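*Asks:* The amino acid sequence is not available; the structure is as follows:
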């Protein structure tokens, strides 16, 4: 038998480095995109542009947290966009009636309720998350339309705090970072250093093994989808502060990009693998990419086509590099 | 029959070998079957039977060796080809599609309906309708349907894998009669079974495999069982030296850790009662599919029992979820490591998993304490941590150590080990036995099912033998030679006991 010589291809060596630090290539890609942008339109890279990019990437990254957390267990939360919209719409319409704090409570309550129903369906009735969250999303949209008829004359007002977060700047950076930075730290820490975070990875990696170890996965899933609803609700509050005009489809345009951000950020849709820091970079990449494609001044159709193709290419490459053994 | 037995050779396989990576599953297997013959294919667990069967039926391709059908060399590349050549297997798992009805299944495989009906009647299923949905039928009926379906296609060589395993006695009788009839009509049957009584009744010859080599071919005659058992084990049975195993005298007076009474579950576990004492390693010996899977599943909370009781430390217990069993100290190491491990996650996360299971532990992880526990388990089991970032990169032996280490870190009370040494290297095996003794010496109770009989005297204090869903023997470690265990596992002692008790009753 011929002796086999083990050769390490450059690709697999890159793969090893990347596997250990999965965020590195994403950050490199982000910088490459920014550099390209600066070549296409010299001088665009300034404090104001950075601030704006971050401002619009934050709600996307927060909504993508819902996707990251649920995807770690092998699930998904397609109702997150609707939950954010519900929360934004409720807070804007109720603030003139019951005041800011109460309106915020009710808005988040509605978003959490959506999450609870998801958790019940996924965790206890074992409905596939894709179907369950799609269903609750549609139901919530319907409820919102009914609700709108009753509040149509109240006018809308956004609590000052979220207007401050959404539009204000400190030292050139958006005030939303006051909310986002602690949020991101909490999620990153929570995934790495809490029992709950570990169990999300564990359920996604092998649910049978968690059962064998005494984990009642319905408890974890129930808590997870409820948490996802809460995060979506907070995202809605921040986003309505940025946009300042509540509508019935406010955050819906963030929905699919939030899934894309998590996937580009290296979260496996099959569960068990992914980080929130990756997702944040993924959200930034998507935002920069959006600007880039707008700058190219090509027709809308071609822009979307290119957007989709780039997402597929990046994800495919990333999966290829990190999975190679 | 004698005239048929002298018939021409239908199937002749010689020197068949097959490797899977570094493991030689088959080295030199041979089988010759003539028209009108029923030949039993025998061998202990892991002897290579299933690999051999898969090669004969075209599901696997041999690395070397020749298979002749009717004198012509044949190289099957798919089961369909083997079927076309007339070699038709009936496997243990029902092959019919559950969501279709009987008629649709027949049309799907293009089976003639009239002969099928004839065989179904002959095999004793009287109330079958063609529009019955498969998933609504009991397992025993499905196996009969599989057989009838195969018979309807008039096989040249009928291959039956544990055909009678899930059948009640009356159906077993029918099946045996029908296949004997097949042979008498000049067809050929290869009969794979663990049941000596059936083999003695219907088979003409038996071919024995051991470690991938065909080691014998016998004409079935009275008293041949002993010879076959000996051959399956490898001639002179050697008792492995007991290293590091201190067989403890366990007092039987105190309350046992675990008392199981008349436990029944599924179609296989019929009636099992035993006690597992504190500080004892109790071996479980059984051939494949005798109910041991169900026993472990029930004890670990993976399925509910249909009858019987479980007592832990003298208190009745029933488990609706593995978490309930774990709360009572019963922890499982399953037969398949893939079921137990988070392959993508690190050794540390795998070992620490049970520590985080309860919602009260979902908060911040006490990292130092966790590290200490994990390190303790890693050192105790000598887990190789070089590839610790992802468990899937560990060797099989190391993976198995991680699944055991999980419970060592969590604190062992009652450990349920289901064939923990299957497919792992010898060195690891010899690290596991002393570990079991050590855990037992510290007060843990261990239920240890193994498919390698030689392990019983190495690790256990006693062993229970399960056959047909019942305990047929309890053997002390000193008396647990492979031969004794194998005889008991094949249900041979039961027969003797019945014979001797009826002899005693006579005067």
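*Replies:* Noted; the coordinates are in hand. A quick note: this is a predicted structure, and the numbers were derived from the prediction, not measured. Residues are numbered from 1 along each chain as shown, chains lettered A, B, ... in the order given.

*Asks:* For chain A, what lies in contact range of chain B?
*Replies:* Contact residues (C-beta under 8 Å from any C-beta of the partner chain) of chain A with chain B: A:20, A:193-196, A:198-199, A:201-202, A:205-206, A:208-216, A:219, A:223, A:272-273, A:325. No exception for glycine: its C-beta is placed from N, CA and C like everyone else's.

*Asks:* Restrict these to the buried ones and give me that as a PyMOL selection.
*Replies:* The PyMOL selection below is limited to those of the residues of chain A next to chain B classed as buried (16 or more other C-beta atoms under 10 Å in any protein chain shown):
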select buried, chain A and resi 194+195+196+198+199+201+202+205+206+208+209+210+211+212+213+214+215+216+219+223+272+273
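
*Asks:* Just the residues of chain A next to chain B: which are in helices?
*Replies:* A:20, A:193, A:195-196, A:198-199, A:201-202, A:205, A:208-212, A:219, A:223 (DSSP state H).

*Asks:* Identify the residues contacting the nearest residue to residue A:72 once chain neighbours are set aside.
*Replies:* Nearest non-adjacent residue to residue A:72, counting by C-beta to C-beta, 6 or more residues apart in numbering or on different chains: residue A:200, 4.4 Å away. With contact taken as C-beta atoms under 8 Å, 6 or more residues apart in numbering or on different chains, residue A:200 is in contact with A:69, A:72-73, A:191, A:220, A:224.

*Asks:* same question, residue B:466
*Replies:* Contacts of residue B:466 (C-beta under 8 Å, 6+ apart): B:272, B:284-286, B:290-292, B:295, B:472.

*Asks:* I'd like the distance between it and chain A.
*Replies:* Note on residue B:466: its distance to chain A, by C-beta to the nearest C-beta, to the nearest Å, is 22 Å.

*Asks:* Using the three-state scheme, assign that residue.
*Replies:* strand (DSSP: H, G, I helix; E, B strand; the rest coil).

*Asks:* Tell me how many other residues surround residue B:181.
*Replies:* Neighbourhood size, residue B:181 [other C-beta atoms under 10 Å in any protein chain shown]: 12.

*Asks:* Just say helix, strand or coil for it.
*Replies:* Per three-state DSSP, the local secondary structure of residue B:181 is helix.

*Asks:* Give me the phi and psi angles of the residue lying closest to residue B:128 once chain neighbours are set aside.
*Replies:* Of all residues not flanking residue B:128 in the chain, residue B:120 sits nearest, at 5.6 Å (C-beta to C-beta, 6+ apart). For residue B:120, the backbone dihedrals (degrees, to the nearest 10) come out as phi -60, psi -40.

*Asks:* Hmm, residue B:120 is touching residue B:130, no?
*Replies:* No: Residue B:120 is beyond contact range of residue B:130, at 10.2 Å (criterion: C-beta atoms under 8 Å).

*Asks:* Find the residues that touch each one of those two.
*Replies:* In contact with both residue B:120 and residue B:130: no residue, using C-beta under 8 Å, 6+ apart.

*Asks:* More neighbours: those two, which one.
*Replies:* It is residue B:120, of residue B:120 and residue B:130, that has more neighbours when counted by other C-beta under 10 Å, with 21 against 14.

*Asks:* buried sites along stretch A:37-49?
*Replies:* In stretch A:37-49, counting by 16+ other C-beta under 10 Å, buried: A:37, A:49.

*Asks:* centre of the chain versus that stretch, how much separation?
*Replies:* In terms of C-alpha atoms, centre = their mean, to the nearest Å, the gap separating the centre of stretch A:37-49 from the centre of its chain is 26 Å.

*Asks:* Likewise for stretch A:118-128?
*Replies:* 21 Å.

*Asks:* Distance check, the residue nearest to residue A:72 against chain B.
*Replies:* Remark: distance between residue A:200 and chain B (C-beta to the nearest C-beta) = 10 Å.

*Asks:* Cool, thanks, talk later.
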